[in-house]
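> everything below, folded, please.
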Amino acid sequence: MKKITIGLCTVLSALLLINGCDSKQSPDQKQAATQGHRQADKMQAQRWDFKLPNVEVWKVGYKVQNNTVNNFIWIPSSQNMGTWKQNITDKFITDAAVKGQSPKGLMEQARLSSQGACEKVNWQILSESNDQIVYEADTIACGEGGKESQHMVGRIQRGHGGIYSLQYFAVQEILDGQMKQTMLDTVQNAKLVENN
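Coordinates of the predicted model:
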């Protein structure tokens, strides 16, 4: 596995129904440029440190950065935001934007949102404490023009200055026991580190 340290951010969403991102930069150039930019972003006191699975080189397929949210979505370099088979979404939301909500409360908002958009949602909490929650979900037939059925493992954690979220999505067609374990390991082994 190739290890990178990244800091990311956005509004929590249960579903990723985002289209289009195509760049002429090589994936390696994109990773280097994006990593450098994120580390320079002083809005975040911390950032996620995690390993991207070793399927191929990963690239940033989508990003949003503003005064309250940072969000980066990583996808394998052969995919794009309209055709991804797996992605890792790393988010940071400032304390002011979440208004004191707990990680569990934010997870519940995401769950309710997905239930409104999908024909079927199975949601399970894997572990929780006052400061974080780890969960997984399966979604089926999510809205007109939405992605096919997906499996997701997520973690929401309170950190310095706000809420940090890490979500790993994969479409059901590539899901097997090994893929589920990779998703779980990626999310559970991630660490919040100081952003210097």
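> would you mark the buried spots in stretch 86-106?
If you call a residue buried by 16 or more other CB atoms under 10 Å, then stretch 86-106 has these buried ones: 86-94, 97-98, 101-104, 106. C-beta: built from backbone N, CA, C; applies to glycine.
> among the residues you listed, which are in strands?
If you go by DSSP state E, the buried residues of stretch 86-106 have Q86, N87, I88, T89, D90, K91, F92, I93, T94 in strands.
> tell me where the model's unsure across this structure.
The chain contains residues with pLDDT under 70 at 1-42, 55, 143-147.
> run the last query once more with 90
Of all residues in the chain, those with pLDDT under 90 make up the ranges 1-58, 60, 65-67, 82-84, 99-100, 110, 113-121, 139-150, 172-175, 193-196.
> could you pull out the helices for it?
Counting by DSSP state H, the chain has helices at residues 27-40, 95-98, 103-117, 177-189.
> what lies in contact with the last one?
With CB atoms under 8 Å, 6 or more residues apart in numbering as the contact definition, helix 177-189 has outside contacts at 50-53, 88, 126, 134, 136, 151-155, 166-168, 170.
> of the residues you listed, just the buried ones, PyMOL syntax please.
In PyMOL syntax, the buried subset of those is picked out as below (16+ other CB under 10 Å):
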select buried, resi 50+52+53+88+134+136+151+152+153+154+155+166+167+168+170
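> correct me if wrong: V153 contacts Q167.
Yes: with contact defined as CB atoms under 8 Å, V153 counts as touching Q167 (7.3 Å).
> so which of the contacts of helix 177-189 belong to strands?
Those of the contacts of helix 177-189 mapping onto strands are 50-52, 88, 126, 134, 136, 151-155, 166-168, 170, per DSSP E.
> so which of those residues is the closest to A117?
Nearest to A117 out of these is M152 (CB to CB; 13.3 Å).
> just checking, that closest one touches C142?
No: at 11.2 Å, M152 does not count as touching C142 under the criterion of CB under 8 Å.
> what about A117, how many neighbours?
When neighbours are defined as other CB atoms under 10 Å, A117 has 18 of them.
> I meant to write C118 there.
By other CB under 10 Å, 20 other residues sit near C118.
> and the gap between it and C142?
4 Å (CB to CB, to the nearest Å).
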